[in-house]
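Participant: test case, fold it:
(chains A and B)
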Amino acid sequence: MSRHLLQLLAAAACLATAGSSAHAAAPATPDLTARLARIADRIASIDAQATRIEDYNEIRNLQRIYGFYFDEALWDQVVDLFSNDATVEVGPHGVYAGKASIRRYYLGLTGGRVGLQHGELNNQSQLSPVITLAADGQSAKARWRVLVQDGVFKQGSNWGGGVYENEYVKQDGVWKIRRLHFFTRFYSPYKDGWTRTTEALNARYGRSTAKPDRPSSLRYATWPERFVAPMHFAGEGVGVYRLAPANTARAAAAANGQQRTVAQLEAEVRALELKVARLRAVDDIENLQGTYGYYVDMSMADPTAALFADDATLEILQRGVYIGRDRIYEYMRRLGLPSQGRMFTHMLQQPVIHVSSDGSRAWLRGRQFEIFGVHNVQAQWAENTYEHSYTRHEGVWKIQTFNAWHSFYAPYEGGWSEQSNPMNYYPEYPPDLPHSVKYEPYPSIFVAPFHYRNPVSGR
Amino acid sequence: MLAGLALAASVGPASEPVVTDVRVINETRRVQLLEARLASLQREVEMIEDRRAIERLQQAWGHYISEGMAAQAAALFSDSPAASIEFAQQGVYLGRQRIQAFLAIAARTAPGELRETPVMQPVIHVSADGRSARGRWRAMVLGGQRGQDGRWDEGPFENEYVKENGAWKILHMHWYTTMSGSYDKGWHKEPYPAAGPLRELPPDRPPTMVYESFPGFYLPPYHYLHPVTGKPVAWDDLAAEGAR
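Facilitator: A predicted model of the protein is given here:
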């Protein structure tokens, strides 16, 4: 074939495919035009669904972020999470309206100080979300349960429980808390347990020195009286799976009437694929970290270590840094075999998950609550703050950096306000690097670094 | 560029290019590809929505149980005759009526009784066709009667869910007891055995798995394969030996 003929053929190929080019001169056929319009509608509709899932995730993160700031009495961070017209109502203590009052309320819980004092513990696990988005996607309601473990070292500690029925609002694309309403159920000294609580003991929870703006919106008796905090959801709608009603997607499609080229639609689909992949990543990370806990409960070193990347790092308490999956396996193996008379639970609570903009990395802050012990010998409570990162390897998420920041290990007898065990080491299995940050456990105050900024103020 | 086009032209008819370079690929084919990618995105986004619906369903269960609302909890189950509930060592109850009867006894709270049941740590997998799902969760229960000793209960769920007429329902609920025990003495000093069958309402089937909760030690099976290796996870011989 002569060179000349090849060039001719190339020119012919160019002509034949010209219609498909983004800069096509020839108009698309009527059939194709209709298909392109349907594709544009479909993109708008899936995008509207994906946005609702983002909303759901942001609200879930928001309440959990609130909880982690509340734990540490970081009141500036807490107040930033509210909308200007927000209200706060906790137990029987009245309603605080507007950000200035809300600020006074929180400062009044800690004698006007921001941050905890040596010996104070203020753990407020944010659990059991039922999140319901409004039809227009601009507001939401949620019910949560809270488990409280607090106290002052050598002075006493409490168990507490109750329910939030909260409201959230989206302003300029950012979700904020508009109404925080906590219904105290019980708040009882550790030594007697919740079954011996009283109305007066329960009323201690959430009492601020600041005066409320108005009386409580609802009077009720706490446990052991029977009272069900009003539920914003009803049985029939609970399992409905569409977060976005069908008309939202249609409206989004209608507003998107402008005609696009194939190349423009391809770019939009690529962006949508990334948006959906980042949403999927949140679920994959939640599964992965939950799975870690279920494997460690059973002392299964092999499957636990297999959740880590080849070059992962592991830092637990102040035992130093172990580098690489093989070293992590050895670490896990040293936790011992499962056995009769031994229990070892690793509850993952309150995960706050973020995914990088390119979908290749993710981060999680969480609360690890442990109950462990040996039959007739001893039992302990423990709490750690997780700050982990994850990377994606050929579509599979793995743990890249694992850091469990020690809060307390305390004997069952007496609880965390009586004794907080010192950090222990593995002298027979030295780490590859010393621990990255030196700190002391409770009763010292140490705020584990956050992987995120304040989602409302960026503080 | 010219060389690339020439190659494309030389390996096949211009109307059926085999390359995926958008500069040469046929427009109809590009539209087909977009439609296929959107179909797969649609499935993916619905699966992510499904997970949230299941989270709401399971957490609503936890709220109802915590409030002693047995009838509302039972209403979260599927109408299917195969629907089932199994708690601890109490056996299996089949069908919504029997589930409701079981919960009316097991989930009712007497005056002055607490059953605070936070539910956490979901590992959820929605099936490829989006019609069913499985979830592992953990519940911790703070229980007891006013003025008496309190109690702890802890253990995982392995549940199955089904989508019926646009709403998710619980098809099978199985809660395993890891530990139950006294508050005052401590669960490690005074553990209680996993609850047995109700005398007043015998189950339809015996327990699917016989085990002893703490101080016994057993592995509540996982519904899922290892997320990285893709292999089933169970104890190796050595670990199983330790557990005996």
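Participant: find the nearest non-adjacent residue to A:G341, please.
Facilitator: In space, and not counting its chain neighbours, A:G341 is closest to A:H375: 3.7 Å by C-beta to C-beta, 6 or more residues apart in numbering or on different chains. Yep, even glycine has a C-beta here, placed from its N, CA and C like the rest.
Participant: in contact with that neighbour, which residues?
Facilitator: Under the criterion of C-beta atoms under 8 Å, 6 or more residues apart in numbering or on different chains, the neighbours of A:H375 are A:340-342, B:188, B:191, B:214-215.
Participant: before we move on, what about B:P156?
Facilitator: Residues near B:P156 by C-beta under 8 Å, 6+ apart: A:294, B:136-139, B:175-176, B:178, B:220.
Participant: next, name the residue at the spatial heart of chain A.
Facilitator: A:V352 (2.2 Å; C-alpha atoms, centre = their mean).
Participant: only the buried subset of the contacts of B:P156, as a ChimeraX command please.
Facilitator: To isolate the buried subset of the contacts of B:P156 in ChimeraX, counting by 16 or more other C-beta atoms under 10 Å in any protein chain shown, use the following:
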select /A:294 /B:136,137,138,139,175,176,178,220
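Participant: looking at the contacts of B:P156, which is nearest A:D71?
Facilitator: B:R138 (20.8 Å; C-beta to C-beta).
Participant: quick check: the closest one touching A:M347?
Facilitator: Yes - at 5.9 Å, B:R138 counts as touching A:M347 under the criterion of C-beta atoms under 8 Å.
Participant: who touches both of those two?
Facilitator: Common neighbours of B:R138 and A:M347 (C-beta under 8 Å, 6+ apart) are A:293, B:120-121.
Participant: output the below-cut-off pLDDT ranges for chain B.
Facilitator: Flagging of chain B using pLDDT under 70 yields the residue ranges B:1-23, B:236-244.
Participant: can you classify B:I124 as helix, strand or coil?
Facilitator: Assigned with DSSP: H, G, I helix; E, B strand; the rest coil, B:I124 falls in the strand class.
Participant: what would the shared contacts of B:R138 and A:M347 look like in a markdown table with distance to B:A53?
Facilitator: Shown next, in a markdown table, are these (distance: C-beta to C-beta, whole Å):
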| residue | distance to B:A53 |
| --- | --- |
| A:G293 | 24 |
| B:M120 | 18 |
| B:Q121 | 18 |
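Participant: following the worst-scoring helix or strand of chain A on mean pLDDT, which helix or strand comes up?
Facilitator: Lowest mean confidence among the helices and strands of chain A (mean pLDDT, DSSP states H and E): helix A:3-18, at a mean of 43. Remark: after helix A:3-18, the chain's next helix or strand is helix A:30-71, criterion DSSP states H and E.
Participant: distance from the chain centre to that next one, please.
Facilitator: 18 Å (C-alpha atoms, centre = their mean, to the nearest Å).
Participant: wait, does stretch A:293-300 contact chain B?
Facilitator: Yes - using C-beta under 8 Å from any C-beta of the partner chain as the criterion, contacts between stretch A:293-300 and chain B involve A:293-295, A:298-300.
Participant: helices of chain B, residue ranges please.
Facilitator: B:2-11, B:27-66, B:70-74, B:96-106, B:237-243 (DSSP state H).
Participant: extract the C-alpha set from stretch A:30-44 and format it as PDB.
Facilitator: What follows is stretch A:30-44, C-alpha atoms only, in PDB (Å, rounded to 0.1, in the frame of the first residue of the first chain):
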ATOM      1  CA  PRO A  30     -33.000  13.000  15.800                       C
ATOM      2  CA  ASP A  31     -32.700   9.600  17.500                       C
ATOM      3  CA  LEU A  32     -29.300  10.500  19.000                       C
ATOM      4  CA  THR A  33     -30.500  13.900  20.100                       C
ATOM      5  CA  ALA A  34     -33.300  12.200  22.100                       C
ATOM      6  CA  ARG A  35     -30.900   9.800  23.600                       C
ATOM      7  CA  LEU A  36     -28.500  12.500  24.600                       C
ATOM      8  CA  ALA A  37     -31.400  14.400  26.300                       C
ATOM      9  CA  ARG A  38     -32.400  11.200  28.200                       C
ATOM     10  CA  ILE A  39     -28.700  10.800  29.300                       C
ATOM     11  CA  ALA A  40     -28.700  14.400  30.600                       C
ATOM     12  CA  ASP A  41     -31.900  13.800  32.500                       C
ATOM     13  CA  ARG A  42     -30.500  10.600  34.000                       C
ATOM     14  CA  ILE A  43     -27.300  12.300  35.100                       C
ATOM     15  CA  ALA A  44     -29.300  15.000  36.900                       C
END
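Participant: list the buried residues for that stretch?
Facilitator: Using 16+ other C-beta under 10 Å as the burial criterion, the residues of stretch A:30-44 that qualify are A:35-36, A:39-44.
Participant: what about chain B: which of those touch it?
Facilitator: A:35-36, A:39, A:42-43.
Participant: quickly run through the sheet partners of the helix or strand hosting A:R143, with directions.
Facilitator: Element membership for A:R143 (DSSP H and E) is strand A:139-152. Partners of strand A:139-152 in the sheet, by DSSP bridges, are strand A:120-133 (antiparallel), strand A:156-171 (antiparallel).
Participant: between helix B:27-66 and the longest one, find me the angle.
Facilitator: Relative orientation of strand A:156-171 and helix B:27-66, computed by axes from the mean of the first three to the mean of the last three C-alpha atoms, to 10 degrees: 140 degrees.
Participant: and the angle for strand A:156-171 with helix A:30-71?
Facilitator: Going by the same axes, to 10 degrees, strand A:156-171 makes 150 degrees with helix A:30-71.
Participant: for chain B, see how far away the residue nearest to A:R219 when sequence neighbours are not counted is.
Facilitator: Spatial nearest neighbour of A:R219, chain neighbours left out: A:P92 (7.2 Å); criterion: C-beta to C-beta, 6+ apart. A:P92 sits 19 Å away from chain B, going by C-beta to the nearest C-beta, to the nearest Å.
Participant: sec struct for A:P92, please.
Facilitator: Secondary structure of A:P92, per three-state DSSP, is coil.
Participant: hang on, isn't it packed against A:Y205?
Facilitator: No - with contact defined as C-beta under 8 Å, A:P92 and A:Y205 do not form a contacting pair (9.6 Å).
Participant: now do the shared contacts for those two.
Facilitator: With C-beta under 8 Å, 6+ apart, A:P92 and A:Y205 have common neighbours A:T184.
Participant: of those two, who's got more company?
Facilitator: Neighbour comparison, A:P92 and A:Y205: the larger count goes to A:Y205, with 24 against 20 (by other C-beta atoms under 10 Å in any protein chain shown).
Participant: which one is that one nearest to, not counting chain neighbours?
Facilitator: Once flanking residues are discounted, A:Y205 sits nearest to A:Y187: 3.8 Å by C-beta to C-beta, 6+ apart.
Participant: tell me the contacts of the one you found?
Facilitator: Counting by C-beta under 8 Å, 6+ apart, A:Y187 touches A:148, A:158-162, A:197, A:201-205.
Participant: how does it look with 10 Å?
Facilitator: For A:Y187, the contact set (C-beta atoms under 10 Å, 6 or more residues apart in numbering or on different chains) comprises A:91, A:148, A:150, A:158-162, A:194, A:197-198, A:201-206, A:222-223.
Participant: buried only: go through those for me.
Facilitator: Buried among the contacts of A:Y187 by 16+ other C-beta under 10 Å: A:91, A:148, A:150, A:158-162, A:194, A:197, A:201-202, A:205-206, A:222-223.
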